[in-house]
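Colleague: sequence and predicted structure below; questions after.
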Amino acid sequence: MGIPERIGHYRLVRKLGEGGMGVVYAAHDERLDRPVAIKMLRQDGMDEQAAKRLWREARIAAAVNHPNVCQIFEIGEEAGELFIAMELLDGESLAQILERGPLPAADATQMMLGVLVALETMQRREIVHRDLKPSNIFQTAHGIKLLDFGLAAPVRSLNPDLETETALTAAGAVVGTWNYMSPEQLQGQAVDVRSDIFAAGAILFELLAGRRAFAGRTIPEVFHAILYEQPPALAGSAAIAAVDRIIHGALAKKPDDRYQSADSMAQDLRSALLASDTAVRVRARPMTRLIVLPFRILRPDAETDFLAFSLPDAITSSLAGLESLVVRSSMVASRFAAQAADLKAIAAEAEVDIVLTGTLLRAGDQLRVSTQLAEAPSGTLVWSHTSQSPLHDIFQLQDDLVTRIIESVAPSLTAREQRILKHDVPSTAKAYEFFLRANQLGQRPEHFMLARDLYLRCVEEDSQYAPAWARLGRCYRVIGKYGESPEENLRQAEAAFQRALGLNPELALAHNLYTQLEAERGRAVEAMKRLLERARANQNDPELFAGLVHACRYCGLVEACVAAHHQARRLDPNIVTTVGNAHLLMGDYQAALETDASDYMRVLALTFMGREREAIRCVEESNAKDLPAISRLLMTTIRTDLEGRREESIEAANLIIAQFTDPEGLYYMARHLSHLGETAKALATLKRVVDGGFCCVTVFARDPWLDPLRTHAEFVSLLHRAEKHHQEARAVFIEAGGERLLGGRAR
């Protein structure tokens, strides 16, 4: 069918494109002598409902008078045909721009600001676009233009309880473009501007990454991704990491967890543009997310079964320091040990792109290892490899596998990454065997003594093997904190960590494990500064940000602590952090319950919420576990208090204070004793808390359980000292670039 010659006083020149119900032509307005675009109903789409939709589109678009919205000139009817005359745009759509590949961060961010400014105007008029996508956003010489309001509607008409919209869209109907729909839009629920913000986040990701945020070979796969998955984190520079945080804030599954306005998202993007590296045309790269699953044993063998966990764990540790990869922890991988490798389930739960699986079989003094590297969730095989080596040469086998993985998913390594990979090589096969056996035992606290002894044998065999010193330090720390001879074990832990970092200052494992000891020994500010410096150089290590959760909280920077948690979860949605402690300290007890908080923190949260029966039940469930003695005492302090056994509660608290050195743990005992009326002991313990470097001054100032202490001069003095330490830590945090790195304030 040819192009109509004219409609009204518009001469049609050429077809520009067509969509579900309309066709758009370039035309010339002969009355005003100007170029325009004409949108008409397609011949096969002309009916009463289509006409009403076209009228609605024109009215809504005309109501949004803004430079970033395509201008409507006229809506008319000629010989029974409806048409809209609008601004003819000179430029190209973002869909056309994306055909040439991803954009530099500065360009993509600038484009999205134009979109958000238009959305903010629409939000003020309570209008939702509902079909925001690259083909509906035009880049012109004068900036961004938003067009195609065919699915736009006033927010009030999108409430399923009202009938205005249902005349044009069936109740619960799914309208929009699959890859950019919000979860609520996809499920046919009521939507508002936050649905458009979700689409804006998906588009910004695509502009930076050159691939869709939510993709799939079929519509059900796209639906599943939108409802349950997140796109991979983006790396490349500090500015890109900042923009990536904004993207994930826009793509939250629940509308209440997203940006609540287009303007708030735009403000954060403007802050990201202030980063110095946005002036350089840096391109983002989606970070490949890898998980190494525990290997399957084909024939049980007592001598080699430990390798099922330890060999994948060693591969994971070797890859963890690379900027090109995000590697899921062995703890996450162990969740899939007892099941067949369901790549779709693993991709969804662990949020990964690549999965390494393997089998082990011993034959005499030889070990046969068969491995497969596959894409997830598709299952596309990247490579399959079988190797056989003597049992005394396990490290060479691990090194070969690491090399193969890197060649497949991260072939271009920096000089620093090359150095990291080749730095730690055990000098003997025996040393490496001790190390791997200890790693297996180190999964469970009750085996830490045995793990410690094996790490000691490892460093006796090879005193230059830094990873063994780092893990030995962890064993000493946990044994000292929860077990015997605290001072001696913590001193040994300090020495082991220092030895590890002396041998390899780049060892991520040592830096991450050392953090908790530093914080608990009164050096949280030093730990925070060191982690911030490392995170600036390597922004894709979730363990670094998990460490910052801990260090920032001890420094009293509770908001920064929560921001660090979100950054860690952006990189690894399954990583465990101590953010539950921060939520508890801030009085957000429900949030504390929804985190990976310890049993003690959960019981406290339930108690503060008045759910005492649940708290006691949680104590009973916890006591049924194989817990360290000090953990049982912590539970006793709460249960006896709830049951009115004051003296027993005080006795349990005093036993903890006598052997505990962690200032955060001592803070909970100080507040507990204050609550029970033991003022003198509470003040003495609170002094140890401040002296020990736990300076959550805002928490001290508002904690109701400390109220009995507030009239005492010693408490006021302690509060002033804590405030001084807090301000010093805040200054260090800002100077080290913490606010820019975490996107959170230094409070």
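Modeller: Cool, got the structure.

Colleague: give the buried residues for stretch 529-536.
Modeller: For stretch 529-536, the neighbour count (16 or more other Cβ atoms under 10 Å) marks Lys529, Arg530, Leu531, Leu532, Arg534, Ala535, Arg536 as buried. Using the backbone N, CA and C atoms, a C-beta is placed for each residue, glycine as well.

Colleague: any low-confidence regions in the stretch 351-500 of the chain?
Modeller: For the stretch 351-500 of the chain, residues meeting the criterion pLDDT under 70 lie at 411, 413-417, 420-422.

Colleague: hmm, 90 instead?
Modeller: Scanning the stretch 351-500 of the chain for pLDDT under 90 picks out the ranges 351-353, 362-367, 375-381, 387-430, 432-433, 439-448, 481-487.

Colleague: got a list of what the residue lying closest to Ala597 once chain neighbours are set aside touches?
Modeller: Nearest residue to Ala597 in three dimensions, chain neighbours excluded: Gly580, at 2.8 Å (Cβ to Cβ, 6 or more residues apart in numbering). Gly580 is in contact with Ala591, Ala592, Thr595, Asp596, Ala597, Ser598, Met601, Arg602, counting by Cβ atoms under 8 Å, 6 or more residues apart in numbering.

Colleague: try it again at 7 Å.
Modeller: Ala592, Thr595, Asp596, Ala597, Met601 (Cβ atoms under 7 Å, 6 or more residues apart in numbering).

Colleague: buried subset of those residues, written for ChimeraX?
Modeller: The ChimeraX command for the buried members of those (criterion: 16+ other Cβ under 10 Å) is given here:
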select :592,595,597,601
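
Colleague: so which of the contacts of Gly580 are in helices?
Modeller: If you go by DSSP state H, the contacts of Gly580 have Ala592, Met601 in helices.

Colleague: among the contacts of Gly580, which one lies nearest to Gln189?
Modeller: Thr595 (27.1 Å; Cβ to Cβ).

Colleague: roughly how far does the residue nearest to Ala597 sit from Asp588?
Modeller: 10 Å (Cβ to Cβ, to the nearest Å).

Colleague: same deal with Val409?
Modeller: Val409 is 39 Å from Asp588, by Cβ to Cβ.

Colleague: now stretch 606-613: mean pLDDT?
Modeller: The pLDDT scores in stretch 606-613 average 90.

Colleague: over to stretch 657-672?
Modeller: 92.

Colleague: which residues touch that stretch?
Modeller: Stretch 657-672 is contacted from outside by 481, 486, 490, 520, 554, 630, 637, 653, 656, 682, 685-686, 688-689, 692-694, 703, 705-706, using Cβ under 7 Å, 6+ apart.

Colleague: can you rerun that using 6 Å?
Modeller: 486, 520, 637, 653, 656, 682, 685-686, 688-689, 692-694, 703, 705-706 (Cβ atoms under 6 Å, 6 or more residues apart in numbering).

Colleague: which one of these is nearest to Thr380?
Modeller: For those, the nearest to Thr380 is Glu520 (45.9 Å; Cβ to Cβ).

Colleague: which element is the residue most central in space within the chain on?
Modeller: In the chain, the C-alpha nearest the mean C-alpha coordinate belongs to Arg570, at 1.3 Å (Cα atoms, centre = their mean). In the assignment (DSSP states H and E), Arg570 maps to helix 558-571.

Colleague: who's in contact with the residue lying closest to His725 once chain neighbours are set aside?
Modeller: Sequence neighbours aside, Cys695 is the residue nearest to His725 in space, at 4.2 Å (criterion: Cβ to Cβ, 6+ apart). Counting by Cβ under 6 Å, 6+ apart, Cys695 makes contact with Gly556, Ala722, His725, His726.

Colleague: so Cys695, which of the three states?
Modeller: coil (DSSP: H, G, I helix; E, B strand; the rest coil).

Colleague: look up phi and psi at it.
Modeller: Phi and psi for Cys695, reported as degrees, to the nearest 10, are phi -120, psi 50.

Colleague: hmm, back to that, and the buried residues of stretch 529-536, which is closest to Glu221?
Modeller: Of all the buried residues of stretch 529-536, Ala535 has the smallest distance to Glu221: 34.0 Å, by Cβ to Cβ.

Colleague: show me what the helix or strand that that closest one is a member of is packed up against.
Modeller: Using DSSP H and E, the element containing Ala535 is helix 524-537. Counting contacts by 3 or more Cβ pairs under 6 Å, 6 or more residues apart in numbering; DSSP states H and E, helix 524-537 packs against helix 508-520, helix 542-554, helix 713-735.

Colleague: run the last query once more with 10 Å
Modeller: When contacts are defined as 3 or more Cβ pairs under 10 Å, 6 or more residues apart in numbering; DSSP states H and E, helix 524-537 packs onto helix 238-250, helix 508-520, helix 542-554, helix 558-571, helix 713-735, helix 738-742.

Colleague: isn't His566 up against Gly249?
Modeller: Yes: at 8.6 Å, His566 counts as touching Gly249 under the criterion of Cβ atoms under 10 Å.

Colleague: related to what we said a few turns ago, now do the same contact list for the residue nearest to the centre of the chain.
Modeller: By Cβ atoms under 10 Å, 6 or more residues apart in numbering, the residues touching Arg570 are 230, 232-234, 241, 244-245, 247-249, 326, 540, 542, 545.

Colleague: report pLDDT for the residue nearest to His725.
Modeller: Looking at Cys695, its pLDDT is 91.

Colleague: intersection of neighbour lists for Gly580 and Asp588?
Modeller: Counting by Cβ under 10 Å, 6+ apart, the common neighbours of Gly580 and Asp588 are Glu594, Ala605.

Colleague: distance check, Ile246 against Leu88.
Modeller: Distance, Ile246 to Leu88, using Cβ to Cβ: 33 Å.

Colleague: er, Ala95 I mean
Modeller: In terms of Cβ to Cβ, Ala95 sits 18 Å off from Leu88.

Colleague: the more surrounded of those two?
Modeller: A count of neighbours by other Cβ atoms under 10 Å puts Leu88 above the other of Ala95 and Leu88, at 20 against 15.

Colleague: surely the more buried one and Arg14 touch.
Modeller: No: assessed by Cβ under 10 Å, Leu88 is found out of contact with Arg14, at 11.1 Å.

Colleague: give the residues shared as contacts by the two.
Modeller: Common contacts of Leu88 and Arg14, defined by Cβ under 10 Å, 6+ apart, comprise Tyr25, Ala26, Ala27.

Colleague: report pLDDT for the first one.
Modeller: The reference is to Tyr25. According to the prediction, Tyr25 has pLDDT 87.

Colleague: any idea which element it lies in?
Modeller: Assigned by DSSP H and E, Tyr25 falls in strand 22-29.

Colleague: next, the buried residues of that strand.
Modeller: Buried-residue list, strand 22-29, by 16+ other Cβ under 10 Å: Gly22, Val23, Val24, Tyr25, Ala27, His28, Asp29.

Colleague: next SSE downstream of that strand?
Modeller: Remark: after strand 22-29, the chain's next helix or strand is strand 34-41, criterion DSSP H and E.

Colleague: between that next one and strand 22-29, how many degrees?
Modeller: Between strand 34-41 and strand 22-29, the angle comes out at 150 degrees (axes from the mean of the first three to the mean of the last three Cα atoms, to 10 degrees).

Colleague: strand 34-41 pairs with which strands, parallel or anti?
Modeller: Taking DSSP bridges as the criterion, strand 34-41 forms sheet pairs with strand 22-29 (antiparallel), strand 81-87 (antiparallel).

Colleague: in JSON lines: the helices and strands packed on helix 524-537, plus mean pLDDT.
Modeller: Below are those laid out as JSON lines (pLDDT from 0 to 100):
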{"stretch": "helix 238-250", "mean pLDDT": "86"}
{"stretch": "helix 508-520", "mean pLDDT": "89"}
{"stretch": "helix 542-554", "mean pLDDT": "91"}
{"stretch": "helix 558-571", "mean pLDDT": "89"}
{"stretch": "helix 713-735", "mean pLDDT": "94"}
{"stretch": "helix 738-742", "mean pLDDT": "84"}
